[in-house]
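K.L.:
Output the structure for:
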Amino acid sequence: MTAVPRDPMLPVLFRIEKVRRDLSDTFTMELVPEAGGEFSFKPGQFNMLYVFGVGEIPISISGDPGDRSVLVHTTRAVGAVSSALDSLKAGDQIGVRGPYGTAWPIESAYGQDVVFVAGGVGLAPLRPAIYHAMNNRERYGKVMVLYGARTPEDILFKKELERWRGRFDMDVLVTVDRATGKWSGNVGVVTNLVARGGFDPLHTTAFVCGPEVMMRYGASALEKKGVARDTIWISMERNMKCGVGLCGHCQWGSHFVCKDGPVFRYDSVADLFQVREL
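P.N.:
Model prediction:
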């Protein structure tokens, strides 16, 4: 008997297992399927999260790809649906469609240095790839996480960054645009951390995620250090509505972000960054 394929537009029911407040406007949800079982995803992919009676939005998966028992999403409350998600608590239900989209080619970087450049909440979509690198540490050269936030109060996953920095087999550098309180760390944009180097540019794969202007300057800084465009990868988030390339809301030049992305090789989209209308 041939199995009937699942409708990609039909959400699957998930239960909120845990909610954690990360920042004043950012939170992390751990979800488990109501029907039980496990699921898998690739670092960099996203899901469509549906709040009943409100709508759905695309959110990158931010958990460990090696843990198939729980689905993790980190979300910033900036609109109607994300604010509705922010009002939910453990035990509530939401609909989930996915996973969708392209992935960080983290396995293709075996044998090379890997550099993760993140700005603000852009650390969340990179987190699964960082986990993969840590879980397979012997397969990589240097592993570097370069992270920038607006202020010390805006640093995402602060305790986790501290744990990563305490490891002897990876380098974690954090900077803030504006120092407040007792901050005594780096001050300045994250591209300053890229300029310091510490990696072999001829044998480096770089993954960049954050606001578009940050990704443009971050990729440029990597190029100036000698990293080739075809080994730099970025993740886009542009008006995705359906997740499967039907509605056309996320068209970006000749690309559909939900299908051709959200992860793109930088050399394939570098020219689009210069066109404001896109």
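
K.L.:
Show the end-to-end separation of stretch 257-272, please.
P.N.:
One end of stretch 257-272 to the other measures 13 Å (Cα to Cα, to the nearest Å).

K.L.:
tell me the mean pLDDT over that stretch?
P.N.:
Here stretch 257-272 scores 90 as its mean pLDDT.

K.L.:
for stretch 112-127, same thing?
P.N.:
Mean pLDDT, computed over stretch 112-127, is 97.

K.L.:
could you show me where the helices are in this structure, in order?
P.N.:
80-86, 123-135, 158-165, 191-196, 212-224, 257-260, 266-269 (DSSP state H).

K.L.:
okay, those helices in a markdown table with mean neighbour count next?
P.N.:
(Each C-beta comes from the backbone N, C-alpha and C, glycine too.) Formatted as a markdown table, those follow (neighbours: other Cβ atoms under 10 Å):
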| stretch | mean neighbour count |
| --- | --- |
| helix 80-86 | 18 |
| helix 123-135 | 23 |
| helix 158-165 | 13 |
| helix 191-196 | 19 |
| helix 212-224 | 19 |
| helix 257-260 | 23 |
| helix 266-269 | 19 |
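
K.L.:
beta partners for residue 29?
P.N.:
On the basis of DSSP bridges, residue 29 is bridged to residue 19, residue 73.

K.L.:
list the contacts for the residue nearest to residue 88 when sequence neighbours are not counted?
P.N.:
The shortest distance from residue 88 to any non-neighbouring residue, by Cβ to Cβ, 6 or more residues apart in numbering, is to residue 16 (5.8 Å). By Cβ atoms under 8 Å, 6 or more residues apart in numbering, the contact list for residue 16 reads 29, 30, 31, 88, 89, 90, 91, 92, 93, 94.

K.L.:
again with residue 49
P.N.:
Taking Cβ under 8 Å, 6+ apart, we find residue 49 in contact with 56, 57, 58, 59, 73, 75, 81, 85, 94, 95, 96.

K.L.:
neighbours of the fifth one, just the number please.
P.N.:
It refers to residue 73. 22 (other Cβ atoms under 10 Å).

K.L.:
quick one: it from residue 275, how far?
P.N.:
Separation of residue 73 from residue 275 (Cβ to Cβ, to the nearest Å): 31 Å.

K.L.:
again with the third one
P.N.:
Taking Cβ to Cβ as the measure, residue 58 falls 23 Å from residue 275.

K.L.:
which of those two has more neighbours?
P.N.:
residue 58 (23 against 9).

K.L.:
what bridges to the more buried one?
P.N.:
Legend: beta-bridge partners of residue 58 under DSSP bridges are residue 48.

K.L.:
That one contacts residue 45, correct?
P.N.:
No: judged on Cβ atoms under 8 Å, residue 58 makes no contact with residue 45 at a distance of 10.3 Å.

K.L.:
Which residues are in contact with each of the two?
P.N.:
With Cβ under 8 Å, 6+ apart, residue 58 and residue 45 have common neighbours residue 100.

K.L.:
Would you mind giving me the confidence score for the nearest residue to residue 17 once chain neighbours are set aside?
P.N.:
Nearest non-adjacent residue to residue 17, counting by Cβ to Cβ, 6+ apart: residue 30, 4.6 Å away. For residue 30, the pLDDT comes out at 97.

K.L.:
Now do residue 30 against residue 188, distance only.
P.N.:
As judged by Cβ to Cβ, residue 30 and residue 188 stand 34 Å apart.

K.L.:
And residue 247, by the same measure?
P.N.:
Distance, residue 247 to residue 188, by Cβ to Cβ: 40 Å.

K.L.:
do the same with residue 149
P.N.:
12 Å.

K.L.:
which neighbours do the two share?
P.N.:
175, 177.

K.L.:
more crowded one of those two?
P.N.:
Under the criterion of other Cβ under 10 Å, the comparison of residue 149 against residue 188 puts residue 149 first, with 23 against 14.

K.L.:
for the residue lying closest to that one once chain neighbours are set aside, phi and psi?
P.N.:
Leaving aside its chain neighbours, residue 149 sits nearest to residue 155 (4.6 Å; criterion: Cβ to Cβ, 6+ apart). The phi/psi pair for residue 155 (degrees, to the nearest 10) reads phi -70, psi 120.
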